[in-house]
Structure formats: structure tokens, C-alpha cells
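Participant: just need the structure, nothing else, for what follows:
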Amino acid sequence: MLEFLRGRDVLVAGWGVSGRSLIEPLQDIGARPVVTDAGQKALAEAAELGLPTATSGDLLEHGALARFALVITSPGWRPDSPVLASAVTEGIPVWGDVEFAWWVDQARIYGPVRKWLVVTGTNGKTTTTQMTHSILRAAGIPSVACGNIGLPILDALRRSPGPQVLAVELSSFQLHWAPSVRPEAGVVLNVAEDHLDWHGGLDAYAAAKARALTGRVGVVGLDDQVASALARKSKARRTVGFRIGVPADGELGVVDGKLLDRAFTKAAILAEVGDISPQGPAGVADALAAAALTRSIDVAPQFVKEGLQEHKVGPHRAAFVRELGGVAFVDDSKATNPHAARSSILAHPQVVWVAGGQLKGASVEDLVEEVREHLVGAVLFGVDAAVIAAALARHAPDVPVVELGSGDDAVMGVPVTGTEPDAVMARAVHVAAGFAQRGDTVLLAPAAASLDMFADYTHRGRSFAAAVQALDEKDIGRSE
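Facilitator: Numbers count the residues shown, from 1 in each chain. Modelled structure (predicted):
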């Protein structure tokens, strides 16, 4: 399948994490990667590595794209992007990095073909992927969590010794550009209105998610109306569902505080609800989804139980702190760079973003542009707060932003005096709570290092958690 690329130019559209992961595999199969990106800094970085580059202007000149055998796009590029649209018009195939990774795997470039367990949904993808990986580890199956969770699939394939199973988190963008992927099992957790500007509507968004349901086993969240409806359209050879309730035949669910499998056996107890982390309905749903994926490849119930017991949300890693007035407060202080913050923000539909610190030269432009639809407010602090504020002004001008330390004497009635780190964090949390309404998440995902103010990211996380615990319900929604 990949022989047509040998000795040919391949356009890599987007010099992000996924774009970088493409270079060595392309070179390994004898192709010549050429990089394009909207940012001049990105092109300069690629050129420093000895890679040929091209601007969009260069590529849109008449006949300029004809040299390329293939365009591989980063997931964030929309189908109507001029370069991609022109490539399609000229009959040049356009793949996503996940599509390319699938064919690299099928071609056995880096060893035997792996089993892909694909996780997608509007919310809960990362937790489910981590739970799936935890269960696989408990079963002693060589595996890795990859994809949208942070590690590119191509990097996972190139690991030595190689994994036998991939727990793959995929976004709707990645699935849109990966029509050939046929996972061993795939789950659609839920589908809410999200990324509709990118996909053009909810139907197209759901259709992209449904591409996870094309392999041997498809799994759907039955408590979610849209995801449940996808069961009727599933192209998987077998489709099962999960619910936070009593399961019917062919389902996984909960009975008397226990996770029960009635899909892959007559009835098997998998775990106790009390053993699930994070606690609450969302965590239980994610655990059921992870159980379904792993049970589909014959992982024994005892290992499902062990894996779920071992899975814990680590301190300062998207750790739930408290719910107050219908608002969730989450500490992801470990999100010390824009890429980590991106995954954290995209895990929640509506976020009051608490961020700032030392960017150390990292750009937040792409981050803000991608997550802007999730933001209902932002509270910024630290040495590079102004940089983040400027990016928000450019890419998310409708999002209200408060930059602590900007010279205001007070913000929403909260004094802005003093510079002690814990005092600054307390003000940030109070202001963020004032932005938040029921259903929102106040999320500490700084996108930056902590050493300008705090001893380390753990100090920053503890400071956030302490400030959250000091809140009163009257502090919620004060901005209205």
C-alpha cells in the first residue's frame, strides 16, 4: 500500500507533534517529506533539520501540488483549508497522520500488526484510554496508550520492544482524516455539540466519531442519545453497549454497585463501583467502556478488576478537587506546556481556564485557536500572562479574560494586592468561580512552567486545591 510513496515527495501539512512524528517513518519507506505550516517559526524549525519547506502561497501556485504523491495533514487542518482543498481538486490523496500510521502498521514496517483499541467521544476519552491501558498492563499484555492522549501512534509503533495492543485515543478531527482504520474494537463514549464549525454540523461530527465503529467490535454509550443512535449505523461486525444501569443481554452495566458484563459472557462481575477513579457517573461510564474494549480481546474479568483498581487519577494530573454549586474544580497543574493544556481543556465542554507561568518561548497561538470553543472565561497570572491574554484576544475575543497583576485595583470585587504565590492563586480561583455557572469546569491547566511563582508544579496544584476548598457557594457565578 505504501510502495507508491517510494522516491516521491510527500507534503506534511502542519509542523506540530503529529507532523514531526511523520518524518522518520516517511524517510524509512523511501519517501521525501516536505513541510508546510502557517507559522514561519515552524518552517524555520523544519528547515533547521534539513527538511525542504513550502509556504501555502508557494503550494497554491498553478501546478505546484502536482509533484506530491500524497498530502498528510495534521488533524487540526480543516477540509476547506486552501492547500487541502486544492490537493483534493487536483486528485492528490489527502490522509491524516492516523491514516498513515494505520497503513504503516498494516505494512509491518515496524513489526507485526498491532491490535487497535480506539476510544473516541466528546468527553472522557483520555480517562477511558488510560483505564484501557491500565487493564492491559494488569493482564500482562505489552501495550501503550497513544494518539490524541499525547504520544503519536507512529512513535508508539516505533518503540522497541513493540506493543502488541494500542490503546488509541482519537478525536473527531483525526477520525475524519482516517477512513481506512478498522480497529479490533472501538468505542464512542458520547457525542455532544462540539467542533461544529470544523465539521459543519452535528451530523458530520457524529459521523466522524462513528468511524470508530468499523472494526470487529463496536461499543457505544447507551446513556447518551446520539452515541446510542450510532449503534444502528455501526459497521462493526458486532456492536455492544454500556449503560450506568442494569444491562440487558449484549450490554455492560451496573448492578448493586458492581460493574457487570453481559456482552462477552452470560454474566461476569468486573469491578466494584467504589474502586473506580475518578468517582462519579462519568468515571463509571469510562470504566465500563474500557472494560468493554478489553473484554472484546478476551481479557479475563480478574484483570479488568485489577486494572481499574490500579488506575488512579494522579495528583495534579486532571485531578478532581471539588464540586460546588454545580461547578467542577479540576487541578491539572502538571499541564506545564501548551500541548498538555490542550488535552486537558478539550476533555471538558465548558471551561473557565486558570493559566499562566513561564512559557519558555512556547507559542500558545495554536492552543488557544483550537480550544476557544471550550472556554467560557480565563483567569491568567504569572510572568507570561500577557502573552496568553494577547493570544486570547486574537483568537477568542468573545471570551472574558482577567489578567491578574495587570494594574487593576480589584477584579469583580476581589482585591488585587500582594504578590505571594498562594495569595495570587486564591484571587485567581475566586475570580474563576465568579465566571463559572452550573455545568462549567474551573480548570487549572497552566500551559506553562511554575517556577516564576511557585516552588514547582505540585506547589501550584496544592495552592489551587487549597483555594478551591476555601470557596463558598455564594462565590459561584458572581460575574452575572
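Participant: C-alpha only now, for contacts and for neighbours.
Facilitator: Fine.
Participant: how about the strands in the stretch 251-400 of the chain?
Facilitator: Using DSSP state E, counting those that start in this stretch, the strands of the stretch 251-400 of the chain run over residues 251-255, 258-261, 268-272, 319-324, 327-331, 351-356, 375-381.
Participant: could you list the low-pLDDT ranges of the protein?
Facilitator: For the chain, applying pLDDT under 70 flags the ranges 192-198, 314, 339, 406-419, 478-480.
Participant: ok, back up a step: from the strands of the stretch 251-400 of the chain, which stretch is densest packed?
Facilitator: strand 351-356 (a mean of 28; mean count of other C-alpha atoms under 10 Å).
Participant: same for that strand, what does it pack against?
Facilitator: In this structure, strand 351-356 makes packing contacts with strand 375-381, helix 385-395, helix 421-435, strand 441-444, judged by 3 or more C-alpha pairs under 8 Å, 6 or more residues apart in numbering; DSSP states H and E.
Participant: save those as CSV, and put in distance to Gln164 too.
Facilitator: As requested, the helices and strands packed on strand 351-356 are exported to CSV (distance: least, C-alpha to C-alpha, whole Å):
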stretch, distance to Gln164
strand 375-381, 38
helix 385-395, 41
helix 421-435, 44
strand 441-444, 35
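Participant: which one, of the ones you listed, ends up nearest to Pro315?
Facilitator: Among these, strand 441-444 comes nearest to Pro315, with 12.6 Å by C-alpha to C-alpha.
Participant: starting at the chain centroid, how far to whichever helix or strand comes after the closest one?
Facilitator: Downstream of strand 441-444, the first helix or strand assigned by DSSP states H and E is helix 457-469. Between the centre of helix 457-469 and the centre of its chain there are 24 Å (C-alpha atoms, centre = their mean, to the nearest Å).
Participant: next one: stretch 391-400
Facilitator: The answer for stretch 391-400 is 21 Å, by C-alpha atoms, centre = their mean.
Participant: what does it contact?
Facilitator: Contact with stretch 391-400 is made by 364-365, 368-369, 372, 375-378, 401, as judged by C-alpha atoms under 8 Å, 6 or more residues apart in numbering.
Participant: and Phe100, which of the three is it?
Facilitator: Under DSSP: H, G, I helix; E, B strand; the rest coil, Phe100 falls in the helix class.
Participant: got the strands of the stretch 251-400 of the chain as TSV, with distance to Gly439 columns?
Facilitator: TSV is the format used below for the strands of the stretch 251-400 of the chain (distance: least, C-alpha to C-alpha, whole Å):
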stretch	distance to Gly439
strand 251-255	25
strand 258-261	26
strand 268-272	27
strand 319-324	10
strand 327-331	6
strand 351-356	9
strand 375-381	11
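Participant: which one of these lies closest to Arg78?
Facilitator: strand 375-381 (20.3 Å).
Participant: mind listing what Ala87 touches?
Facilitator: 65, 71, 93-94.
Participant: name the member of the residues you listed with the most neighbours.
Facilitator: Val71 (24 neighbours; other C-alpha atoms under 10 Å).
Participant: in a strand, it, correct?
Facilitator: Yes. Counting by three-state DSSP, Val71 is part of a strand.
Participant: closest one to Cys146 among the strands of the stretch 251-400 of the chain?
Facilitator: strand 319-324 (20.3 Å).
Participant: export the closest one as PDB, just CAs?
Facilitator: Output of strand 319-324 as PDB, limited to C-alpha atoms (Å, rounded to 0.1, in the frame of the first residue of the first chain):
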ATOM      1  CA  ALA A 319      -7.400  15.500  39.500                       C
ATOM      2  CA  PHE A 320     -11.000  16.400  40.600                       C
ATOM      3  CA  VAL A 321     -10.800  18.700  43.600                       C
ATOM      4  CA  ARG A 322     -14.400  19.500  44.400                       C
ATOM      5  CA  GLU A 323     -17.900  20.300  43.100                       C
ATOM      6  CA  LEU A 324     -19.600  23.400  44.300                       C
END
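Participant: still on that earlier bit, Val327: which of the contacts of stretch 391-400 is nearest?
Facilitator: Val376 (12.6 Å).
Participant: what about the closest residue to Ser171 other than its chain neighbours, how many neighbours?
Facilitator: Nearest non-adjacent residue to Ser171, counting by C-alpha to C-alpha, 6 or more residues apart in numbering: Thr120, 6.1 Å away. Around Thr120 there are 30 other residues, counting by other C-alpha under 10 Å.
Participant: mind listing the helices for the stretch 151-300 of the chain?
Facilitator: Assigned by DSSP state H, counting those that start in this stretch, the helices in the stretch 151-300 of the chain fall at 153-157, 172-176, 196-199, 202-209, 225-230, 281-295.
Participant: please work out which of the ones you listed is packed deepest.
Facilitator: helix 281-295 (a mean of 26).
Participant: circling back to that earlier point, okay, the helices and strands packed on strand 351-356, which one's buried deepest?
Facilitator: Most buried among the helices and strands packed on strand 351-356, counting by mean count of other C-alpha under 10 Å: strand 441-444, with a mean of 30.
Participant: from the contact counts, what lies against it?
Facilitator: strand 327-331, strand 351-356.
Participant: C-alpha coordinates for the shortest one, PDB please?
Facilitator: Output of strand 327-331 as PDB, limited to C-alpha atoms (Å, rounded to 0.1, in the frame of the first residue of the first chain):
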ATOM      1  CA  VAL A 327     -19.300  23.600  39.100                       C
ATOM      2  CA  ALA A 328     -16.400  21.100  39.000                       C
ATOM      3  CA  PHE A 329     -12.900  22.200  40.000                       C
ATOM      4  CA  VAL A 330     -10.100  20.300  38.400                       C
ATOM      5  CA  ASP A 331      -6.300  20.500  39.200                       C
END
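Participant: and it, what does it pack onto?
Facilitator: strand 319-324, strand 441-444, helix 457-469.
Participant: give me the distance from that strand to the chain's centre.
Facilitator: 18 Å.
Participant: contact partners of it?
Facilitator: In contact with strand 327-331 (C-alpha under 8 Å, 6+ apart) are residues 316-323, 436-445, 461, 464-465, 468, 476.
Participant: again with the last one
Facilitator: If you take C-alpha under 8 Å, 6+ apart as the criterion, strand 351-356 is touched by 345, 374-385, 388, 428-429, 432, 435-436, 440-448.
Participant: quick one: it to strand 327-331, angle?
Facilitator: Here strand 351-356 points in a direction 30 degrees away from that of strand 327-331 (axes from the mean of the first three to the mean of the last three C-alpha atoms, to 10 degrees).
Participant: ok, strand 351-356: who's next to it in the sheet?
Facilitator: Using DSSP bridges, strand 351-356 pairs in its sheet with strand 375-381 (parallel), strand 441-444 (parallel).
Participant: would you mind giving the helices and strands packed on strand 441-444 as TSV with distance to Ser171 added?
Facilitator: Output for the helices and strands packed on strand 441-444, formatted as TSV (distance: least, C-alpha to C-alpha, whole Å):
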stretch	distance to Ser171
strand 327-331	22
strand 351-356	18
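Participant: for Phe100, which of the ones you listed is the nearest?
Facilitator: Per C-alpha to C-alpha, nearest to Phe100 of these: strand 351-356, 32.7 Å.
Participant: the closest one vs helix 457-469, what angle?
Facilitator: Interaxial angle, strand 351-356 versus helix 457-469 (the same axes, to 10 degrees): 140 degrees.
Participant: gap between strand 351-356 and the chain center?
Facilitator: Distance, centroid of strand 351-356 to centroid of chain: 17 Å (C-alpha atoms, centre = their mean).
Participant: try stretch 263-275
Facilitator: On C-alpha atoms, centre = their mean, the centre of stretch 263-275 falls 27 Å from the chain's centre.
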